[in-house]
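Trainee: Pasting the sequence and the predicted model now:
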Amino acid sequence: MVTDYTEHRLAIVGAGVMGTNITTLAVGYGVPVVLVDLNDDVLSLARTTVAQKLRHAQLMGALPHDRPQGELVTSVSLGDAADATTVIEAVVEVPETKAKVLAEISALVGPGTTLISNTSCVPIDELADSVTHADKLVGVHFMNPSYLIKMVEVIQGGRTSDVTLESVNSLLAALGRDALVVRDSAGFVINRLLHPLINSAATLVQEGVASVEVIDGLLEGCLGHSTGPLRTADLIGLDNLVDSLNVLYERREDESCRPCELLLSKVREGDLGRKSGRGFYGYGKVAS
Amino acid sequence: MTIEQTSGLAPVTAEAIAGSLESFFTERLKTEVALDQDLFKSGLVSSMFAMELVVHLEASYDIAIIGPELKLDNFRTVQAMTALVLRLRDAEGMGEDG
């Protein structure tokens, strides 16, 4: 098993909240990254965001001191991902988009390259239909912020090989992460539990049962959650949350996963959470 | 005592910095904080809010908090943040009389 950080070269496709989070983690742990997205404006913003997140990671003492930062290259060409030892897909939580991007990545890389999807909810075996080597695809659900939360949820799809699982464990060890492995299921473990909770919390606000602050205050103060469900929703991004809830609702027909009207209206109004400066809470200005 | 008040910048005596921070916390956290209160230990400040504090201090006092100064201990209390601002401004030759 390769655990030396110098043996890894990452390509990350999608420079949004999670793409920049994972890039920060990797670069901070000395692993070079090619970050790919559709246009230069997005990538320019991503470089600034990654620099801010690296400062945040340093502030919190979350990076190792024994290695130089990995090089960050940004590119609009997926072809630049071809030489990576592992490619991580971190595009929007829309199954068709993820499948299309994974198919394009799969056509570029060699049979030895590990493919990771950072999906929150889409079953890995469903995505595996789009790639040439289904045994090389594995799910890794990084948390947000990826560079501060050490635990990750790893999803072994029905066709994910043990060799691939070993390879991803090696990468995660090099990135200082701890992994717990689960079997495939829409939403896996974390979001089958968390997303209906957040949706229910938003519904309680919509019904006027309690305010945002009271709901978070109760879950933090009584249940020991370090971040309440609605503050967590703002961190995830309300647009991504709605996309994920739709994936869960379509596959599980669980009414608690049908996005409530308050969530939908916030997304329509552009109040997407921390990344847009306002969601359930206001953040003054756009935070990193 | 001369209080420097250049356009757009907050005053830079220890008392003024501490006072401004106290107002900032009252507004953002809806609670009053003591000068020596450990904001992290008391759970008032999250890891995400810590970074907002860095940006707030840099923008308010025209300083760059980088290298070894970018560590949590410098942001634990209002006193520690006040000392950090004064230290960095002194290093840049922006002392209160300058």
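Mentor: Ah, there it is. Note that the coordinates shown come from a computational prediction; the quantities given were computed from them, not determined experimentally.

Trainee: Torsion angles phi and psi at the nearest residue to A:G16 once chain neighbours are set aside?
Mentor: Sequence neighbours aside, A:A90 is the residue nearest to A:G16 in space, at 6.9 Å (criterion: CB to CB, 6 or more residues apart in numbering or on different chains). From N, CA and C alone the C-beta is placed, and that goes for glycine too. Main-chain dihedrals, A:A90, degrees, to the nearest 10: phi -140, psi 50.

Trainee: A:A90 contacts A:I12, correct?
Mentor: Yes - if you go by CB atoms under 8 Å, A:A90 and A:I12 touch, sitting 5.9 Å apart.

Trainee: Need the residues touching each of these two.
Mentor: Taking CB atoms under 8 Å, 6 or more residues apart in numbering or on different chains as the criterion, A:A90 and A:I12 both touch A:G19, A:I22.

Trainee: quick one: the residue nearest to A:G16 from A:I116, how far?
Mentor: For A:A90, the distance to A:I116 equals 9 Å [CB to CB, to the nearest Å].

Trainee: Am I right that B:I65 is in a strand?
Mentor: No - per DSSP: H, G, I helix; E, B strand; the rest coil, B:I65 lies outside any strand segment and is coil.

Trainee: who touches it in this structure?
Mentor: Counting by CB under 8 Å, 6+ apart, B:I65 has contacts B:V54, B:L57, B:E58, B:N74, B:L84, B:L88.

Trainee: and the fourth one, helix, strand or coil?
Mentor: Right, B:N74. helix.

Trainee: What is the burial count for it?
Mentor: A count of nearby residues for B:N74, using other CB atoms under 10 Å in any protein chain shown, gives 21.

Trainee: Could you do A:V94 as well?
Mentor: 15.

Trainee: Mean confidence (pLDDT) on stretch A:41-49, please.
Mentor: For stretch A:41-49, the mean per-residue pLDDT is 97.

Trainee: give me the subset of the contacts of B:I65 touching chain A.
Mentor: B:V54 (CB under 8 Å from any CB of the partner chain).

Trainee: Show me just the buried residues among the contacts of B:I65.
Mentor: Buried members of the contacts of B:I65, counted by 16 or more other CB atoms under 10 Å in any protein chain shown: B:V54, B:L57, B:N74, B:L84, B:L88.

Trainee: per-residue confidence for the nearest residue to the first one once chain neighbours are set aside?
Mentor: The one in question is B:V54. Excluding its sequence neighbours, the residue lying closest to B:V54 (CB to CB, 6+ apart) is B:I65, at 5.5 Å. At B:I65, the predicted lDDT confidence score is 95.
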